[in-house]
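Enquirer: here you go, sequence then predicted model.
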Amino acid sequence: MDGIGHGREARVRALSREKYRRRAARYDATCGPTWPIRERAVALLGLAPGMRVLDVGCGTGLSLPLLRAAVGEAGRVYAFDHSPHMLAQARALAERAGWRNVHLSEQPAHCCALPEPVDALLFHYTHDILRSDAALDALLVQARRGARVVVAGIKYFPRWLAPLNAWVYLKNVGYNGAPGGLRTPWDRIAPRLSGWHWEPTQFGMGYLGHGRVALAADSR
Ligand SMILES: C[S@@+](CC[C@H](N)C(=O)[O-])C[C@H]1O[C@@H](n2cnc3c(N)ncnc32)[C@H](O)[C@@H]1O
């Protein structure tokens, strides 16, 4: 049991961990097509040397080299994931690279508690986390007021391409415990941010959005 122990959210998380147990070994090989989106998402975080950033649902750690390069030796990268199989690869990567300021933890999003406020949060293809109000509440409170939040992921094509959405759904169901909510996957996080803006990616089957944390821990 991990905080929100029983009920729908716990079932979604259990399903997600099982999906990523099976998917972890081949995960990185499937991420090539979305690499330019990852680079744009990290660029939108506006990181600079010395900053602190949280990689939400970091998976195998594919974003870590970009984040670590942006914040440098003096910054700090925090990252977590609830899948031990995904996170093991992130840990191996950090160990190989010898990063001392990349802090990884295995935990569900709604239990996240960092030792300091962060300047930016990255949600890169973390659909299940975006569908959980408990997770979003726990994560956004980890940031300082005005922290930049960048969100990228999969969504349904616009209505005129609707026949293709059965394929989008099937693609998504292989990764997520809660595969619904693909029309506007950002609709729970966007109202929590100021200056939300999004644009379509991948001919409309993806999105990249960003905003800023309006209320930080010190103002609640
Ligand atoms: C599609 S992968 C994305 C991984 C990484 N962000 C990337 O861009 O490659 C989604 C990740 O979110 C993690 N995840 C899903 N729900 C979670 C939750 N409630 N708490 C923590 N991690 C979660 C999964 O284990 C998985 O590693």
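Expert: Happy to help now that I have it.
Enquirer: return the set of buried residues in the helix or strand harbouring V151.
Expert: Using DSSP states H and E, V151 falls within strand 143-154. Of the residues in strand 143-154, A143, R144, A147, R148, V149, V150, V151, A152, G153, I154 count as buried by neighbour count, 16 or more other C-beta atoms under 10 Å. C-beta: built from backbone N, CA, C; applies to glycine.
Enquirer: what about the third one, distance to G32?
Expert: In this case it means A147. Between A147 and G32 the distance, using C-beta to C-beta, to the nearest Å, works out to 30 Å.
Enquirer: cool, the fourth one as well?
Expert: Counting by C-beta to C-beta, the gap from R148 to G32 is 26 Å.
Enquirer: what of the last one?
Expert: Taken as C-beta to C-beta, the spacing of I154 relative to G32 amounts to 15 Å.
Enquirer: and the chain, which residues reach the ligand?
Expert: Residues of the chain found near the ligand (C-beta under 6 Å from any ligand atom) are 13, 16, 20, 31, 57-59, 62-63, 81-83, 86, 108-109, 124-126, 128-129, 135, 175.
Enquirer: out of the residues you listed, which are buried?
Expert: 13, 16, 20, 57-59, 62-63, 81-83, 86, 108-109, 124-126, 128-129, 135, 175.
Enquirer: return the subset of these lying in helices.
Expert: R13, S16, Y20, M86, D128, I129, A135 (DSSP state H).
Enquirer: tell me the one of these nearest L45?
Expert: I129 (16.9 Å; C-beta to C-beta).
Enquirer: for that closest one, give me its contacts.
Expert: V56, G57, A109, F123, A135, L136, L139 (C-beta atoms under 8 Å, 6 or more residues apart in numbering).
Enquirer: what separation do you get for the closest residue to the ligand within the chain and H124?
Expert: Going by C-beta to the nearest ligand atom, the ligand is nearest to G59 of the chain, at 2.6 Å. Remark: distance between G59 and H124 (C-beta to C-beta) = 8 Å.
Enquirer: repeat that for P179.
Expert: 18 Å.
Enquirer: tell me how far the worst-scoring helix or strand of the chain on mean pLDDT lies from the chain's centre.
Expert: When the helices and strands of the chain are scored by mean pLDDT, DSSP states H and E, helix 165-173 comes last with a mean of 87. Put simply, helix 165-173 sits 19 Å off its chain's centre (C-alpha atoms, centre = their mean, to the nearest Å).
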